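> predicted model and sequence below, questions to follow.
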Amino acid sequence: MNLAEKYAYEIYKEHSFSNAAKKLYITQSSLSLTIKNLESKLGFSIFDRSKSPVSLTREGKIYVEYLEEIIENEKNMYSRINSVSRPISEQISIGNPFFISRTLLPKACKHFQEKYPNVELKLSMGETATYLSLFEKLDSETLHFVIGFTFDEKRYTGIPLMKERYVICLRKDYPGAESLKNYALSYTDIVTGKSFSKKLISDYSLFKNIEFLKINSQGILWRDMENFLMHCPVSPCMFDNCRNIDVSYDMMLHGLGACIVTDSVVSYHPPTEDVYYFYINTPKTFRQSYIIHKKDFILSDSMNEFINILYNTANKKVVNTM
């Protein structure tokens, strides 16, 4: 903005010529003259001086809106210039095709970059490539870390990240759901992590007439739940090559069948009273995620701090980045 525009915006903020003049360290007469010249150039009055405090005219309101756009654009410009000119001391690259990339990484990255502004984070999020391809990138050091659930312990180190519990979700108005309500838990029960040993479901036949949404039969969820799901019918609405399990939750909300997700997926979505939730009693009730790197890979201080922040974020602890 030019000087006259800055003066006009200061008057708008202060609702007063005299207060604005004090903030700008100029005389009120000088400020008034500058604004009169500006209004003469524009062809309309910016301020209604007949009122106290000073208010904007109809034209002035539109004018100030454009001034605020100019201010915002200037901020964005300087932010981009700073990001280009800022020296990058290091880069950390993370690969993750899973749902947790949407929930954990945004929060963790914010905390991390407040402490390490010169470390560039390169995120490969939501990839549709196979899980094995991420490890090929890990081997070639195209990626430093992979966030996942399974890995070769002889070749890689896996640092435990987050333990999630599997949950069956079903709309209350889905055919057959009413007969299961005595086994059901609420949204609050799930997101607070309460234990309900008496409501653990071991009898697969309870769901023999409920169609389940099938998502990525090669994924760990389907493999973990195979003994349970093999006894249940599959919904005709199936997913091909989709690695984000929360998609099935969205489809369930629209009444297309039951889904199996994790408690973190449930907590990521808004609370609802329209869904029954069920805990399953199977050999694999939980899934454990890890942040994985090559065994011979030497971690820098900033990488260790990133892992620490990610872990604390995953376990809902307060992260002190100061």
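Nice, I can see it.

> what's the closest non-adjacent residue to M162?
Nearest residue to M162 in three dimensions, chain neighbours excluded: A314, at 3.9 Å (Cβ to Cβ, 6 or more residues apart in numbering). (Glycine included, C-beta is placed from N, CA and C.)

> so where's the protein shaky on pLDDT?
When residues are selected by pLDDT under 70, those of the chain lie in 79-80, 82-89, 97-101, 125-132, 216-219, 238-244, 317-322.

> where's the longest strand along it relative to the chain centroid, distance-wise?
What stands out as the longest strand in the chain, according to DSSP state E, is strand 156-171. Chain-centre distance of strand 156-171: 17 Å, with Cα atoms, centre = their mean, to the nearest Å.

> next SSE downstream of that strand?
Where DSSP states H and E defines the elements, the next helix or strand beyond strand 156-171 is helix 187-191.

> could you name the helices and strands sitting against the following helix or strand past that next one?
Where DSSP H and E defines the elements, the next helix or strand beyond helix 187-191 is strand 212-215. Under the contact criterion of 3 or more Cβ pairs under 8 Å, 6 or more residues apart in numbering; DSSP states H and E, strand 212-215 touches helix 220-224, strand 234-239, helix 246-253, strand 259-262.

> now with 7 Å, please.
Packing contacts for strand 212-215, counted by 3 or more Cβ pairs under 7 Å, 6 or more residues apart in numbering; DSSP states H and E, involve strand 234-239, helix 246-253, strand 259-262.

> buried residues, the lengthiest helix in the chain. List them.
Counting by DSSP state H, the longest helix found in the chain is helix 58-85. Residues of helix 58-85 classed as buried by neighbour count (16 or more other Cβ atoms under 10 Å): G60, Y63, V64, L67.

> check which element follows it along the chain.
Tracing the chain C-terminally past helix 58-85 and defining elements by DSSP H and E, one meets strand 90-96 next.

> from the chain's centroid, how far away is stretch 43-54?
45 Å.

> and what of stretch 18-34?
Chain-centre distance of stretch 18-34: 46 Å, with Cα atoms, centre = their mean.

> next, the angle helix 246-253 makes with the longest strand of the chain.
On the basis of axes from the mean of the first three to the mean of the last three Cα atoms, to 10 degrees, strand 156-171 is oriented at 10 degrees to helix 246-253.

> sheet partners, orientation included, of strand 156-171?
As defined by DSSP bridges, the strand partners of strand 156-171 come to strand 259-262 (antiparallel), strand 275-279 (antiparallel), strand 286-294 (antiparallel).

> the ones you listed: which one's closest to K22?
Nearest to K22, of all the strands paired with strand 156-171, is strand 286-294, at 54.7 Å by Cβ to Cβ.

> the closest one: which residues count as buried?
Result for strand 286-294 [16+ other Cβ under 10 Å]: buried residues R287, S289, Y290, I291, I292, H293, K294.

> over to stretch 256-263?
For stretch 256-263, the neighbour count (16+ other Cβ under 10 Å) marks L256, G257, A258, C259, I260, V261, T262, D263 as buried.

> E5 is in what secondary structure piece?
Using DSSP H and E, the element containing E5 is helix 3-14.

> what's the most distant pair in the buried residues of strand 286-294?
Comparing every pair within the buried residues of strand 286-294 by Cβ to Cβ identifies R287 and K294 as the most remote, at 22.9 Å.

> could you list the domains of this structure?
Here the domain parsing of the chain from automatic domain parsing is 3-85, 90-161+288-314, 165-286.

> count of residues packed around the closest residue to E90 other than its chain neighbours?
Closest residue to E90 apart from its sequence neighbours, by Cβ to Cβ, 6+ apart: V119 at 4.7 Å. By other Cβ atoms under 10 Å, 18 other residues sit near V119.

> these two touch, right, V119 and S93?
No. Counting by Cβ atoms under 7 Å, V119 does not reach S93; the two are 11.2 Å apart.

> now for those two: what residues contact both?
Between them, V119 and S93 share no contacting residue under Cβ atoms under 7 Å, 6 or more residues apart in numbering.

> residue contacts, V234?
Counting by Cβ under 7 Å, 6+ apart, V234 touches E211, F212, K214.

> the second one and V261 touch, don't they?
When you say that, I think you mean F212. No. Counting by Cβ under 7 Å, F212 sits too far from V261 to count as a contact (11.4 Å).

> any idea how far Y25 is from L31?
Remark: distance between L31 and Y25 (Cβ to Cβ, to the nearest Å) = 10 Å.

> which one's more surrounded, those two?
Using other Cβ under 10 Å as the criterion, L31 and Y25 rank with L31 on top: 21 against 6.

> that one and E10, how far apart?
9 Å.

> and for the two, which residues touch both?
Counting by Cβ under 7 Å, 6+ apart, the residues touching both L31 and E10 are A20, L24.
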